[in-house]
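Enquirer: here are the coordinates; sequence isn't available:
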């Protein structure tokens, strides 16, 4: 976690402007950035642009690994740290060129290789191995670190906030004594499956840092609701009142297991000081920026801090702000405020008329800015006039400015940018809409049901002989030291060599696969609806494909005749780092050249052999058709449990195969079926193929 320490050190210098300390720690900063470049800098693309691998870099690192790939959160960290190193180098009279160049290169790399323009967000990471896949389902840490590192423009930050609204299902904070005035809520750190420690939890610090990023993106109301939701869930509703811990009671898997970890303390302070009150110090340049993010309805608030004081009171259209500092490290004040009305009647600083300006790149709501000298304190008075700001006013004429995905608005003395369509549920100047309520409705509509073909028309099964293509026994899937190539040539964290577990607490994990029940059937596995598979009682009984060198990348088996469906009995591996992407694909080719493809996607239809997915409404959502699972040890077939059923998320003694249904075109003559591995880490295995020839 060197990155975390360096980040705190740089922010300390922004608060203090301590040049003697900066000079003393400069060798540490130099060595740290050289170490990052030497060990974790990864060149991508024809231009060899740098992204950075993440090696135990953040709180969530216990089971987090990237196989030598380029991660968003550590790339963002390094972009900002190089930017700050350049500033400090100039401040100390040293050459800043290398740091300025590296910071610019990282930002370019992030936009080239990680930015998802359609989604409006940065991906979690890009693989360095295999097909160099992009992993689009990002964690909270990739959202907030990127914004906190000032990588995105205001427009990109607004899009990222809107994307997170869509991409992550909020967990409502409700209960006796919880105020009903707002949709207070918290967020799970990821939506990755299956559960693995540190990967998908409900964490106080993660939510508070996410809230800080919402404030930095201009989304004050959303930020406040997540902040208060996190504080309510931990400080008031937990089993240790007043505790600033790690997990809260809404974590479906761990509850408050890590409540003795004080991870949330530092970021809680930053969120309240820098987010809610908007205090953003820059003692290197002598500027104190105050960009308050108070809820729109508040008419008074105050902050007493050892270095900076903020006091606010509003009466009608008149606001008074007092900004004070201890000492003289900030000779200049930059004060930004959401516009409360369309016009400004008067602005006074220390009783004298003062100039103000419109913030031209304000997104979501107009903002007023005052730049003024700051002594011991500044008393600011603003008198608003005119109508309330309304985003439904006329747009500016063509030629007044353009930004992709945004429209320019003007009302009275202010102009600002608004997303089109406006996906932002709450802005800095207006109360939030019911984000959590809409998330709750979405959760209610997210229904997991059993496979429809189980209760459909009778199956006329025609099994395909896979004997010539079997290349292993299913019980050999996980073995110590088995998966050693390809591996990143760099220092990195990766899946343990047995093909299961994770680098930290689960490095010795070794699921036991036992296919005795299927072997004992004498060669035919018959399911409750009459569907059956040919599976040998002895010898090789699976054809594996993988990006690992142990097995071929794909296997193709010839087919004959026609069929309306192909059923595959499949077993293999997947993990949280390959979640929400295509792990592989099944492709059926017809003799006329046409084909049918079915992606094998974690968790939609590709399940790990050793366990069922834990499924709930918010933290581990699963929308769609549950598969039929066949326990290998007992040959018992069952649909996985969900909700509060005790078997939900069960570990499976002996492992289980999954029945995959591939709809086909019954009018075409079949030629072949191919199973292809796409994602790293994953092993796909086919134990049986049966064609349904019923018309």
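Expert: Great, that's in hand. In this text, all values refer to a predicted model and were calculated from it rather than measured experimentally.
Enquirer: ranges for the helices of the protein?
Expert: 2-16, 19-40, 72-91, 97-113, 140-148, 154-167, 204-216, 220-231, 264-270, 435-445, 516-519 (DSSP state H).
Enquirer: and the closest residue to residue 227 other than its chain neighbours, how many neighbours?
Expert: Closest residue in space to residue 227, ignoring its immediate chain neighbours: residue 211 at 4.3 Å, by CB to CB, 6 or more residues apart in numbering. Placement of C-beta: from N, CA and C, glycine included. A count of neighbours around residue 211, defined by other CB atoms under 10 Å, yields 32.
Enquirer: how close does residue 211 sit to residue 166?
Expert: Distance, residue 211 to residue 166, by CB to CB, to the nearest Å: 18 Å.
Enquirer: need the winner for burial among the helices of the chain.
Expert: Among those, helix 204-216 has the highest mean neighbour count (mean count of other CB atoms under 10 Å), at a mean of 28.
Enquirer: summarise which helices and strands it is packed against.
Expert: Applying 3 or more CB pairs under 8 Å, 6 or more residues apart in numbering; DSSP states H and E, one finds that helix 204-216 contacts helix 140-148, helix 154-167, helix 220-231, helix 264-270.
Enquirer: so which of those is nearest residue 582?
Expert: helix 154-167 (17.7 Å; CB to CB).
Enquirer: tell me what the closest one is packed against?
Expert: Looks like helix 154-167 contacts strand 121-122, helix 140-148, helix 204-216, strand 414-419 (3+ CB pairs under 8 Å, 6+ apart).
Enquirer: so which of the ones you listed gets nearest residue 565?
Expert: Here strand 121-122 is closest among these (CB to CB), at 36.7 Å.
Enquirer: ok, back up a step: need the helices and strands packed on helix 204-216 in CSV with mean pLDDT and distance to residue 9, can you?
Expert: CSV is the format used below for the helices and strands packed on helix 204-216 (pLDDT from 0 to 100; distance: least, CB to CB, whole Å):
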stretch, mean pLDDT, distance to residue 9
helix 140-148, 98, 15
helix 154-167, 96, 25
helix 220-231, 97, 25
helix 264-270, 93, 13
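Enquirer: out of the ones you listed, the one nearest residue 337 is which?
Expert: The minimum distance between residue 337 and the helices and strands packed on helix 204-216 falls on helix 220-231, with 11.1 Å, by CB to CB.
Enquirer: tilt between the closest one and helix 154-167?
Expert: 50 degrees (axes from the mean of the first three to the mean of the last three CA atoms, to 10 degrees).
Enquirer: and stretch 213-223, how far out from the chain middle?
Expert: 17 Å (CA atoms, centre = their mean, to the nearest Å).
Enquirer: got the contact list for stretch 295-311?
Expert: Contacts to stretch 295-311, defined as CB atoms under 8 Å, 6 or more residues apart in numbering, come from residues 15, 220-221, 224, 272-273, 277, 279, 281, 288, 290, 292, 294, 312-315, 321-327, 329, 338, 377, 428-431.
Enquirer: what subset of the residues you listed is buried?
Expert: 15, 220-221, 224, 272-273, 277, 279, 281, 288, 290, 292, 294, 312, 314, 321, 323-325, 329, 338, 428-430 (16 or more other CB atoms under 10 Å).
Enquirer: show me where pLDDT drops low in the stretch 351-500 of the chain?
Expert: 397-402, 422-447, 456-458 (pLDDT under 70).
Enquirer: with the chain instead?
Expert: 397-402, 422-447, 456-458, 694-695.
Enquirer: from the centroid of it, which residue is nearest?
Expert: residue 139 (1.9 Å; CA atoms, centre = their mean).
Enquirer: what sits against that residue?
Expert: 60, 73, 124, 189-190, 192.
Enquirer: widest-spaced pair of those?
Expert: Longest span within those, CB to CB: 73 and 192, 14.5 Å.
Enquirer: which stretches of the stretch 501-650 of the chain form strands?
Expert: 524-526, 532-534, 543-546, 554-558, 565-572, 582-590, 595-601, 624-625, 628-631, 637-638 (DSSP state E, counting those that start in this stretch).
Enquirer: go through the helices and strands packed on helix 204-216 and name the closest to residue 82.
Expert: Closest among those, once you apply CB to CB, is helix 140-148, at 14.6 Å.
Enquirer: contact partners of the closest one?
Expert: 58, 60, 71-73, 76-77, 80, 110, 121-124, 152, 157, 160, 164, 168, 187, 189-190, 206-207, 209-210, 212-213, 216-217.
Enquirer: what's the spacing between the closest residue to residue 224 other than its chain neighbours and residue 227?
Expert: Nearest in space to residue 224, with sequence neighbours left out and distances taken as CB to CB, 6+ apart, is residue 295 at 5.2 Å. Distance, residue 295 to residue 227, by CB to CB: 10 Å.
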